[in-house]
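>>> coords below, sequence missing:
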């Protein structure tokens, strides 16, 4: 099963509500992308830490013990054409701070992998993103998922959020894909 939940106005403080009723135990992997609006709105690090910690707790509790959770970093804000400005630089620096905090929180969660996003090179320009931008980001995420072990049936229900040991092939913080 694949389920997409998207809201261009979404912020981290609303993410737990958006997860309600999704039956997360059904999935082998969950990918969460948050933070662009939080970076642009300069959400405090304290609020980000508190809200993202709650999101991670819900994901761990409501998903199967064999579910892998990927938290996608905030992509460079200045790569969004409308924010490619001096003011966009402020949001871009804040996005980097949010990403550092996200990586730290993910490192504390045995089933969660932080996947930082970089800008596709050369960056495409225009009002909207090009397919090359999304292919680049898909490649970053794919590089992390191919190293995962075959999904094993996990407990559902009581204890489903109990941590399981991370597979040795799973990197705790993802980097760009290795050259082939």
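Yes, it's here. Given the structure is predicted, the values throughout are model-derived calculations rather than measurements.

>>> what are the ranges of the strands in the protein?
For the chain, the strands defined by DSSP state E occupy 29-33, 68-72, 112-115.

>>> Could you list the single helix or strand in this structure with the lowest mean pLDDT?
Lowest by mean pLDDT, DSSP states H and E among the helices and strands of the chain is helix 131-145, with a mean of 68.

>>> so who does the closest residue to residue 70 other than its chain neighbours touch?
Excluding the flanking residues, the one nearest residue 70 by CB to CB, 6 or more residues apart in numbering is residue 31, at 4.7 Å. Backbone N, C-alpha and C define where each C-beta goes, glycine included. Counting by CB atoms under 8 Å, 6 or more residues apart in numbering, residue 31 makes contact with 70, 72, 141.

>>> in the chain, which ranges drop under the pLDDT threshold?
1-2, 119-131, 133-134, 136-138, 143, 145-180 (pLDDT under 70).

>>> Tell me who's in contact with residue 39.
Here residue 39 is in contact with 74, 77, 91-92, 94-95, 98 (criterion: CB under 8 Å, 6+ apart).

>>> go with 6 Å
With contact set as CB atoms under 6 Å, 6 or more residues apart in numbering, residue 39 has these partners: 74, 77, 91, 94-95, 98.

>>> Name the member of the contacts of residue 31 with the most neighbours.
For the contacts of residue 31, the largest neighbour count, defined by other CB atoms under 10 Å, is 22 neighbours, found at residue 72.

>>> Quick check: the gap between the nearest residue to it once chain neighbours are set aside and residue 140.
With sequence-adjacent residues excluded and distances taken as CB to CB, 6+ apart, residue 72 is closest to residue 33, at 4.1 Å. According to CB to CB, to the nearest Å, residue 33 stands 12 Å off from residue 140.
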